[in-house]
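Novice: A structural model of the following input is requested.
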Amino acid sequence: MNKKSSSFIKGAFILSAAGIVAKIMGFSYRIIISRILGDEGIGLYQMAYPIYTTLLVVSRSGIPIALAKLISDRIAKDQPKAAFKIFTVGRKLSFFVGLFFSVLMAILARPLVNLLNWDPRALYAVLALSPAIFFVSIMATYRGFFQGLQNMVPTAYSQILEQFVRMITMIGLVYFLIKYGLGYAAAGATFGAVTGSIAGLLLLVKIYRDKKEDIFVFIKSGGIETIDTFRIVKDIAYLGIPITLGALVQPLMNLVDAAIVPNRLQIAGFSIEVASQLYGRLAGMALVLVNFPTIITVALAASLVPSISEAFALNKNELIKRRTETALRLTILIGLPSAAGLFILAEPLTSAVFNNSLAAVPLRIVSWGVLFIAIQQSTSGIIQGIGKTKIPARNLFIGALVNAVINYYLTALPVFGIKGASFGTVVGFAVAAILNLFSLKHYTDFQIKYKQLIIKPIIMVAIMTVFARYSFNLLNNYFSSLSITNTNIYSVFITVFLSIIIYIGLLIGFNELKYSDFMMIPFVGEKIGNFLRKINIL
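Specialist: Numbering: from 1, shown residues only. Presented below is the predicted three-dimensional model:
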């Protein structure tokens with residue numbers, strides 16, 4: 001059960017692969033529903049999510065991460081019975097906490113919509129989302145249990161099924177309800193979170209039951225150790241509350257943005273309908289593209305918590321340092337080219353994906369937030385793993401304050417408008433990421449290797465972006481000369497694919513992609529590494 005020999009990178013890779021599949025499905029339904037709902041409908045859909053994610057974070061963020069850390073600690077110390085009891089107590093907590101916040105969201109839906117001066121039609125989307133909190137809270141506990149055992153496969157499977165069911169539900173309900181109005185259609189879209197979370201939870205319960213015999217054999221293999229329920233609740237609260245507060249900052253940032261941005265846009269002179277459209281372009285389109293590359297760093301952070309925690313419990317400082325360096329190296333090698341690519345291809349991407357080139361205006365600015373979001377996420381996972389759970393929460397809160405201040409002042413200025421909100425998002429995450437790096441340097445022996453982490457990635461990304469810009473123009477002109485329809489769609493996706501190939505080649509050429517990196521990829525990594533070594537590429 002406790003696969004100590006498995007690398008945390010393998011766990012991160014499994015979660016990343018599942019996340020990419022889920023995000024591809026997410027992009028599919030986003031493209032479809034954005035074309036049906038339009039800017040205004042997407043704005044209504046997006047307004048409901050800050051309330052949902054804020055209450056959802058309170059109900060489920062701290063408990064599964066705390067469980068992953070506590071279970072990993074106990075497993076490292078050969079105390080499987082205590083690890084299992086921690087899970088059972090955490091599951092009960094999630095049931096009652098999730099139920100409470102699910103009911104609370106339904107009760108507060110109308111007062112919040114009125115208080116925030118939103119379009120009244122957003123009420124239906126908020127109500128449709130509320131049951132999801134209960135199911136997601138319990139599902140997160142099972143994920144925390146398996147991640148504490150450093151088994152990321154159940155989480156990966158549940159993510160894929162959850163997103164698939166969500167996609168089918170959203171598309172079906174939007175098509176069915178659009179004839180009754182945008183408000184009902186947006187509610188149908190948000191209800192996909194409910195059916196998706198139910199499906200993901202049922203799959204995790206099935207996997208748990210199928211593995212129950214192995215789990216209990218594993219539990220009985222350890223020595224006798226006692227741990228009372230009060231102590232478990234206390235430990236979960238001690239670890240979980242700071243993590244929850246930290247995780248709460250980002251949805252609160254989104255909630256503050258949802259409250260500030262549409263209203264400040266109206267002060268800048270835009271009507272309520274146009275303000276909803278502009279907010280939809282930022283939150284429902286540009287930020288969706290920005291969040292896509294961070295799948296890998298989210299997975300990396302989830303894998304880092306139990307992995308760093310295990311090394312910390314065993315006082316293996318060198319292992320902590322090595323894993324920290326590997327995580328940050330991967331973060332920058334993924335985040336920097338993603339940010340540059342979104343900036344260079346902003347207009348063709350938004351046109352191809354959402355059929356809305358105007359979303360490129362906020363995307364060109366928030367694209368650079370990819371790098372800072374990625375650094376903030378991976379460094380938070382490391383800092384949480386060494387038990388300093390309050391630090392990422394504090395740093396992200398400071399970043400959120402900076403974001404709110406910039407949004408409040410700049411968005412109301414006609415010369416900035418939605419660009420002001422985009423700029424605030426980038427600066428807020430940049431502040432949080434930089435503060436995390438200072439904290440990481442203070443609490444570990446980590447040293448920034450400027451050549452490896454800064455200079456070489458910048459050179460590689462500069463080459464890649466020049467290639468992307470010119471190849472897109474050449475492809476677009478070529479397809480246009482052939483009178484092919486949808487030339488932009490073909491050009492942008494071929495350009496993205498070729499740019500990835502070029503970047504991988506640069507990684508190998510600059511000796512940034514090594515044989516050992518392929519060894520950490522499950523299932524196919526060894527075969528790919530051996531093949532590349534055989535033909536003298538590695």
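Novice: all helices for the stretch 101-250 of the chain, in order.
Specialist: Remark: helices assigned in the stretch 101-250 of the chain by DSSP state H, counting those that start in this stretch are 122-129, 132-148, 153-177, 182-190, 192-210, 212-220, 229-267.
Novice: strands along the stretch 1-150 of the chain, start to end?
Specialist: With DSSP state E, counting those that start in this stretch, there are no strands along the stretch 1-150 of the chain.
Novice: poorly predicted segments of it, please.
Specialist: 1-17, 19, 27, 49, 51-62, 64, 117, 148, 150 (pLDDT under 70).
Novice: how is the protein carved up into domains?
Specialist: Using automatic domain parsing, the domain ranges for the chain come out as 8-262+275-448, 449-538.
Novice: so which of the helices of the stretch 101-250 of the chain is nearest Ala327?
Specialist: Proximity to Ala327 (CB to CB) singles out helix 132-148 among the helices of the stretch 101-250 of the chain, at 15.9 Å. For the C-beta atoms, the positions are set from N, CA and C on the backbone; glycine is no exception.
Novice: same for the closest one, what does it pack against?
Specialist: Where contact means 3 or more CB pairs under 8 Å, 6 or more residues apart in numbering; DSSP states H and E, helix 132-148 is packed against helix 8-60, helix 62-76, helix 80-115, helix 153-177, helix 192-210, helix 295-313.
Novice: go again with 6 Å.
Specialist: Using 3 or more CB pairs under 6 Å, 6 or more residues apart in numbering; DSSP states H and E, the elements in contact with helix 132-148 are helix 8-60, helix 62-76, helix 80-115, helix 153-177, helix 192-210.
Novice: mind listing what's buried in the last one?
Specialist: Of the residues in helix 192-210, 192-204, 207 count as buried by neighbour count, 16 or more other CB atoms under 10 Å.
Novice: how about the CA coordinates for that helix, as CSV?
Specialist: The C-alpha coordinates for helix 192-210 follow below in CSV (Å, rounded to 0.1, in the frame of the first residue of the first chain):
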residue,chain,number,x,y,z
GLY,A,192,-23.1,20.1,-14.1
ALA,A,193,-20.9,20.5,-11.0
VAL,A,194,-23.5,18.6,-9.0
THR,A,195,-23.9,15.6,-11.3
GLY,A,196,-20.1,15.5,-11.9
SER,A,197,-19.3,15.5,-8.2
ILE,A,198,-21.8,12.7,-7.5
ALA,A,199,-20.2,10.6,-10.3
GLY,A,200,-16.7,11.2,-9.0
LEU,A,201,-17.7,10.4,-5.4
LEU,A,202,-19.4,7.1,-6.4
LEU,A,203,-16.3,6.0,-8.3
LEU,A,204,-14.0,6.7,-5.3
VAL,A,205,-16.3,4.8,-3.0
LYS,A,206,-16.2,1.9,-5.4
ILE,A,207,-12.4,1.9,-5.6
TYR,A,208,-12.2,2.1,-1.9
ARG,A,209,-14.6,-0.9,-1.4
ASP,A,210,-12.7,-2.9,-4.1
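Novice: that helix - contacts with which helices or strands?
Specialist: Going by 3+ CB pairs under 6 Å, 6+ apart, helix 192-210 lies up against helix 132-148, helix 153-177.
Novice: what's the answer for the second one, then?
Specialist: Applying 3+ CB pairs under 6 Å, 6+ apart, one finds that helix 62-76 contacts helix 80-115, helix 132-148, helix 229-267, helix 295-313.
Novice: just so I have it, where are all the helices in the stretch 301-450 of the chain?
Specialist: Going by DSSP H, counting those that start in this stretch, the stretch 301-450 of the chain shows helices at 317-344, 346-354, 360-366, 369-385, 390-410, 418-443, 450.
Novice: looking at this structure, which helix or strand is least sure?
Specialist: helix 515-519 (a mean of 62; mean pLDDT, DSSP states H and E).
Novice: for the helix or strand that that helix is followed by, give the mean pLDDT please.
Specialist: As assigned by DSSP states H and E, the chain's next helix or strand after helix 515-519 is helix 525-534. Average pLDDT, helix 525-534: 72.
Novice: and for stretch 477-484?
Specialist: 78.
Novice: identify all contacting residues around it.
Specialist: If you take CB atoms under 6 Å, 6 or more residues apart in numbering as the criterion, stretch 477-484 is touched by 487, 490.
Novice: mind listing what's buried in it?
Specialist: Going by neighbour count (16+ other CB under 10 Å), the buried part of stretch 477-484 is Phe479.
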